[in-house]
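K.L.:
below is the sequence, then the predicted model.
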There are 2 protein chains.
Amino acid sequence: MSKGHDKNKTTVSIYGQQYTIVGKENEEHVREIAMLVDHKMKELKNNNPYLDSTKLAVLTALNIGNDYLNLLNELDKFNELDKQKKDGDL
Amino acid sequence: MSKGHDKNKTTVSIYGQQYTIVGKENEEHVREIAMLVDHKMKELKNNNPYLDSTKLAVLTALNIGNDYLNLLNELDKFNELDKQKKDGDL
């Protein structure tokens, strides 16, 4: 019953540090997220050269968290709209 | 024409550090994201006690980035479905 390959191991570089990510997500997906985080950290560093790595990473997490919550709200609206459409059909 | 109050200033605490966030998002929204980041960092620390703050914050950003990309894919499916429905109506 064991698939034997349900965990992938991907090593990525973020802000000059190596991270080995183990999980079910495929390598391409992990690399895409790592590039997003690396890009946002460097962008923040350009705009705030005095910030240390921890603060840059926390602000990056906040930044992506903001995008995530906004998207979640957008999806909620879609679901609500979809529900209304279905209710209207009844 | 100036609204005069289009930027909010919110101070939040994440992993024991204070961050003052300036932007158009309201205070409640910023606090919600800060709680998400703080919670994920502490959760990761519990599972990986040897990790330093920078690595914890980067892994938190990756974690939220993963949720973000998965949600983006879900929304794409919705949009595609919605487009198909509209095309079918024509």
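P.N.:
Perfect, thanks for sending it.
K.L.:
could you list every residue that touches the residue positioned nearest the centre of chain A?
P.N.:
Of all residues in chain A, the one closest to the mean position by CA atoms, centre = their mean is A:Ile33, 5.4 Å from it. Applying CB atoms under 8 Å, 6 or more residues apart in numbering or on different chains, one finds that A:Ile33 lies in contact with B:62, B:65-66, B:69. All C-beta atoms are positioned from the backbone trio N, CA, C, and that covers glycine.
K.L.:
please redo it, this time with the cut-off set to 10 Å
P.N.:
When the contact criterion is CB atoms under 10 Å, 6 or more residues apart in numbering or on different chains, the partners of A:Ile33 are A:10, A:12, A:14, A:21, A:25, A:64, B:61-70.
K.L.:
which of these sits closest to A:Thr54?
P.N.:
B:Ala61 (11.4 Å; CB to CB).
K.L.:
which SSE is the closest residue in space to the closest one that isn't next to it in sequence in?
P.N.:
In this structure, B:Ala61 finds its nearest non-sequential neighbour in A:Ala61, 4.0 Å apart by CB to CB, 6 or more residues apart in numbering or on different chains. A:Ala61 is part of helix A:53-89, with elements assigned from DSSP states H and E.
K.L.:
before we move on, back to that, mind pulling up the pLDDT for the residue nearest to the centre of chain A?
P.N.:
Per-residue pLDDT puts A:Ile33 at 96.
K.L.:
got a list of what the residue of chain A found nearest chain B touches?
P.N.:
Closest residue of chain A to chain B, CB to the nearest CB: A:Ala57 (3.4 Å). For A:Ala57, the contacting residues are A:14-15, A:17, A:37, A:40-41, A:44, A:51, B:37, B:41, B:53-62, by CB under 10 Å, 6+ apart.
K.L.:
which of the residues you listed count as buried?
P.N.:
Neighbour-count burial (16 or more other CB atoms under 10 Å in any protein chain shown) is assigned, among the contacts of A:Ala57, to A:14-15, A:37, A:40-41, A:44, B:37, B:41, B:53-62.
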